[in-house]
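Engineer: Output the structure for:
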Amino acid sequence: MDAIQTKGLTKYYGKARGILDVNLTVAQGEFFGFIGPNGAGKSTTIRTLLGLISPSEGSASILGMDILQEKEQILGRVGYMPSEAVFYPGMKVRDVLKLSADLHKRNCQEAARELCQRLQLDPSRKVDELSFGNRKKVSIVCALQHAPDLLILDEPTSGLDPLMQREFFDILREQVRDGATIFLSSHVLSEIQRNCSRAAIIREGRIIACDSVDALSRTNARRVTLRGDVALEDLAGIRDLKKEEDMVNFLYNGDMDRLLRRLASGHVADLAVSEPDLEEIFLHYYEKEGETL
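Structural biologist: Here you go, the predicted structure:
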């Protein structure tokens, strides 16, 4: 049984596009990334999966349950963290956490206490007084404290400082080791590359790539950085050429022998060749849908 499965999932807002023909399969126990900039369809996909909005076409199941027919059972086994944390005004953190636990019909006091300690969250504070980052922490605890089988996280780290981000991902990896599935929606590509085993890229409501993070990162292109004086503008295979004084930086997916001959014809004081990172590859997918470097 898969944790998430969608078939032709589509959502229109009137005539406006939400998501189009989304086909995804996320295995149980996977740490899965969902990549795309704001407006690509990430949040619409998540809200449709959770039954917060109804699909226009297609179908989906969560933990083997239909998102339309078994929504209440699904919500009992899922931990959801929205991109924006909004709570009832006037409540203390501990009251928000208890309300969330009660909705799941669970006693989560011990788990909530441990999570608050690890995230340096004071449960006696009023939510109205909290910074954006601390409201995010409340949302994290609400999503995690009932030990869900599936965690769906929509842009979870915005507002968290780097130390809290590291602790947060430590907690998530522990959840995966304990058998949970994580569906992480993010536009921070380094988060996906460091933590996820597989990922899907969404563009204008459509999935344009879905594979292991290693496979998505694999490319024949290389990032070349050199210091010197070499004529490169007319060399086929060069992209993203940047110059600053005597430093030159570019992506190259042409013939390597041709590049070396061109470099040998000029003056090179220093040279470094490396694989491009996932962010550069992601931008390429957005420039040329479905192609690889």
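
Engineer: okay, CA-based contacts and neighbour counts for the rest of this
Structural biologist: OK.

Engineer: Using PDB, list the CA coordinates for the strand or helix carrying residue 168.
Structural biologist: Secondary structure assignment for residue 168, by DSSP states H and E: helix 162-177. Coordinates of each C-alpha in helix 162-177 appear next as PDB, following Å, rounded to 0.1, in the frame of the first residue of the first chain:
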ATOM      1  CA  PRO A 162      19.300  27.800  10.800                       C
ATOM      2  CA  LEU A 163      19.800  26.000  14.200                       C
ATOM      3  CA  MET A 164      16.000  25.300  14.400                       C
ATOM      4  CA  GLN A 165      15.900  24.200  10.800                       C
ATOM      5  CA  ARG A 166      18.600  21.600  11.600                       C
ATOM      6  CA  GLU A 167      16.800  20.400  14.700                       C
ATOM      7  CA  PHE A 168      13.600  20.200  12.700                       C
ATOM      8  CA  PHE A 169      15.100  18.000  10.100                       C
ATOM      9  CA  ASP A 170      16.700  15.800  12.800                       C
ATOM     10  CA  ILE A 171      13.200  15.200  14.200                       C
ATOM     11  CA  LEU A 172      11.800  14.400  10.700                       C
ATOM     12  CA  ARG A 173      14.600  11.900  10.000                       C
ATOM     13  CA  GLU A 174      13.800  10.200  13.300                       C
ATOM     14  CA  GLN A 175      10.100  10.000  12.300                       C
ATOM     15  CA  VAL A 176      11.100   8.300   9.000                       C
ATOM     16  CA  ARG A 177      13.300   5.800  10.900                       C
END
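
Engineer: Let me see the residues that make contact with it.
Structural biologist: By CA atoms under 8 Å, 6 or more residues apart in numbering, the surrounding residues in contact with helix 162-177 are 29, 30, 31, 118, 119, 157, 181, 182, 195.

Engineer: The residues you listed, buried ones only, as a PyMOL selection?
Structural biologist: The buried residues among those can be selected in PyMOL (16 or more other CA atoms under 10 Å) with this line:
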select buried, resi 29+30+31+119+157+181+182+195
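
Engineer: What is the nearest of the contacts of helix 162-177 to residue 47?
Structural biologist: Compare each of the contacts of helix 162-177 with residue 47 using CA to CA and the shortest gap goes to residue 182, at 15.6 Å.

Engineer: quick one: low-confidence ranges for the chain?
Structural biologist: 219, 277-279, 281, 283-293 (pLDDT under 70).

Engineer: ok, 80 please
Structural biologist: 217-221, 239-240, 275-293 (pLDDT under 80).

Engineer: Pick out the residue closest to the middle of it.
Structural biologist: Centroid-nearest residue in the chain: residue 186, 2.8 Å away (criterion: CA atoms, centre = their mean).

Engineer: Kind regards, and thank you for your time.
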